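Trainee: For reference, the sequence and a predicted model appear below.
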Amino acid sequence: MPSQLKILEEQGEDAVTIRLFGEVDISTAQELKERLYSVVDEKKTNLRIDCSNLDYIDSMGLGVLVGVLKRVRQGGKNIYVSNLKEGIRKLFLITSLDKLFIME
Amino acid sequence: MPSQLKILEEQGEDAVTIRLFGEVDISTAQELKERLYSVVDEKKTNLRIDCSNLDYIDSMGLGVLVGVLKRVRQGGKNIYVSNLKEGIRKLFLITSLDKLFIME
Amino acid sequence: MAERSESIELTLPFKAEYVSIARLVASGVAARIGFDMDVIDDVKVAISEVCNKLVKADSSVASSFRIRFEIEKDRLTVAFACEDKSLGRLFKEENEELGMYIVAALMDEVEYSPGDGSLFRMSKVVEGLN
Amino acid sequence: MAERSESIELTLPFKAEYVSIARLVASGVAARIGFDMDVIDDVKVAISEVCNKLVKADSSVASSFRIRFEIEKDRLTVAFACEDKSLGRLFKEENEELGMYIVAALMDEVEYSPGDGSLFRMSKVVEGLN
Ligand SMILES: Nc1ncnc2c1ncn2[C@@H]1O[C@H](COP(=O)(O)OP(=O)(O)O)[C@@H](O)[C@H]1O
Ligand SMILES: Nc1ncnc2c1ncn2[C@@H]1O[C@H](COP(=O)(O)OP(=O)(O)O)[C@@H](O)[C@H]1O
């Protein structure tokens, strides 16, 4: 079954940029979680989540991001969330997650 | 209820070009029929149906096109069908309509 | 890909406006099974053609009909059912209509009088996967 | 726009892979009613959140649950039902979960113990149309 989520990773100077393509939902959240945890554990750096091509996310995906944020913070680093589409930005506002992540 | 079909009309030298956008199905075939019949009755010229942006058509739409073709032929003119997407071209082949219309 | 038979069912009113919903479900299901884009398009057209027939016939008894998508390891079967069994008359092998001709051409198997109580069944086989 | 109440029903297995099908149907229905794109997105998220809850809970009794889209002149109501009535326990107003919090924020009305036998109902009102 083809996944509706594609995850690209790019090493930058101050952060690893993760580009999300498609949908993070109940069927893909686990895949995102494993991928982000492994990046965080290996790289111990800031994360930038580029959401330019993220079409959908719900509480399953937001839960994963919060879990990853905890881990990143333990290492004294942070998560930047960038280029949210309007509907997804609204979800961050409703849930106050815009105050937890660094929104760009 | 917003229609899933948009129809644009453009007067050319040897033909009126009709550009179809979206879907011709059971809910929009009637609209296509009325529009094409009125063009044919007014303009009495060749028709070119540009399907570059036609995403879907089924027997309902094909039926309309065949009906219009009859009327156009009665006036000694023809219908050119152009820029079919692959799936739609397949329907013309299956039904042998590719032999009835002038395919471009 | 699905490992055992699973099914999804969609119930629609006899209304032209909602046939496109059946196409949306068809593309979702077919994509999940791993059909190629062009096969998905075939399935969408075939489903719409059957819906067209039902919607045009309408029913004096039932207000809706059901489409069942049966997802198996190697095929997708789509079955149409309705409380109004008299609609079975619409589906005959010796049909001259363009719509049902297209269905037979696009699908791998069609059953005009299925034994399972449904009005019509048709299947598409997944190729190149197993 | 629909003139009288009409409904579309979708039956899904308790499987994560099929929740996206509910979103497809939601966008089709909401677009037909004339909701704006951003409202459609809200409805899609809300429906998914409820599906997520059901799929995560699963059922030892039923293999599927139903989503009914009730289309009225001025609103879309989405009701969730299942043979396994015990799933009603999942829907309580005093819920602290992120998912149901999002549902309440995005929809105009939510009913945690609807009287119609369904497990949960929620509505979105069409604005600027009539
Ligand atoms: N969507 C469907 N597609 C195909 N078969 C179906 C569908 N829904 C029900 N059936 C089958 O049709 C038969 C009759 O169904 P039933 O539930 O009695 O409804 P109805 O009263 O509409 O016939 C049963 O064998 C059932 O499994
Ligand atoms: N998808 C649905 N959404 C909301 N209510 C529903 C749905 N399907 C059925 N109902 C209602 O729920 C009640 C119980 O339905 P019923 O057909 O007995 O199925 P079940 O055995 O699953 O409860 C009925 O009042 C019915 O109208």
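Mentor: Received it, and whenever you're ready, just let me know what you need. Ligands and ions are numbered 1, 2, ... in the order given.
Trainee: Show residues contacting the helix or strand harbouring residue A:87.
Mentor: Using DSSP states H and E, residue A:87 sits within helix A:86-94. Identification of contacts with helix A:86-94 by C-beta atoms under 8 Å, 6 or more residues apart in numbering or on different chains yields A:51, A:54, A:56-58, A:62, A:81, A:84, A:97-98, A:101, A:103, D:38, D:41-42, D:45, D:102, D:105-106. Bear in mind the C-beta positions are built from the backbone N, C-alpha and C, glycine included.
Trainee: Sort out which residues of that helix are buried, please.
Mentor: Applying a neighbour-count criterion of 16 or more other C-beta atoms under 10 Å in any protein chain shown, one finds A:87-88, A:90-92, A:94 buried in helix A:86-94.
Trainee: Dump the residues you listed into TSV; add pLDDT as well.
Mentor: Listed next are those as TSV, based on pLDDT from 0 to 100:
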residue	pLDDT
A:87	95
A:88	97
A:90	97
A:91	97
A:92	98
A:94	96
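Trainee: Which SSE is immediately downstream of the helix holding residue A:87?
Mentor: strand A:102-103.
Trainee: for that following strand, packing partners?
Mentor: Judged by 3 or more C-beta pairs under 8 Å, 6 or more residues apart in numbering or on different chains; DSSP states H and E, the packing partners of strand A:102-103 are strand A:79-82.
Trainee: which strands and helices sit next to the strand it packs on?
Mentor: When contacts are defined as 3+ C-beta pairs under 8 Å, 6+ apart, strand A:79-82 sits against strand A:46-57, helix A:59-74, strand A:102-103.
Trainee: Minimum distance to ligand 2: which of the ones you listed has it?
Mentor: helix A:59-74 (22.1 Å; C-beta to the nearest ligand atom).
Trainee: got a list of contacts for that closest one?
Mentor: Counting by C-beta under 8 Å, 6+ apart, A:24-26, A:28-29, A:32-33, A:36-37, A:40-41, A:46-47, A:49, A:78-79, A:81, A:91-92, A:95, A:97, A:100-101, D:49, D:52, D:97-99, D:102 sit against helix A:59-74.
Trainee: go with 7 Å
Mentor: With C-beta atoms under 7 Å, 6 or more residues apart in numbering or on different chains as the test, helix A:59-74 has contacts from A:24-26, A:29, A:32-33, A:36-37, A:40, A:47, A:78-79, A:91, A:95, A:97, A:100-101, D:49, D:52, D:98-99, D:102.
Trainee: Now the buried members of the residues you listed.
Mentor: By 16+ other C-beta under 10 Å, those give A:24-26, A:29, A:32-33, A:36, A:40, A:47, A:79, A:91, A:95, A:97, A:100-101, D:49, D:52, D:98-99, D:102 as buried.
Trainee: burial measure for residue C:53, as a count.
Mentor: 22 (other C-beta atoms under 10 Å in any protein chain shown).
Trainee: Name the secondary structure element that contains it.
Mentor: helix C:37-57.
Trainee: low-scoring stretches of chain A, by residue?
Mentor: Applying pLDDT under 70 to chain A flags residues A:1-3.
Trainee: One more pass at 50, please.
Mentor: Within chain A, the segments meeting pLDDT under 50 span A:1.
Trainee: Give me the nearest residue to whichever residue of it sits closest to chain B, chain neighbours excluded.
Mentor: Here the residue of chain A nearest chain B is residue A:55; by C-beta to the nearest C-beta that distance is 18.8 Å. In this structure, residue A:55 finds its nearest non-sequential neighbour in residue A:23, 5.7 Å apart by C-beta to C-beta, 6 or more residues apart in numbering or on different chains.
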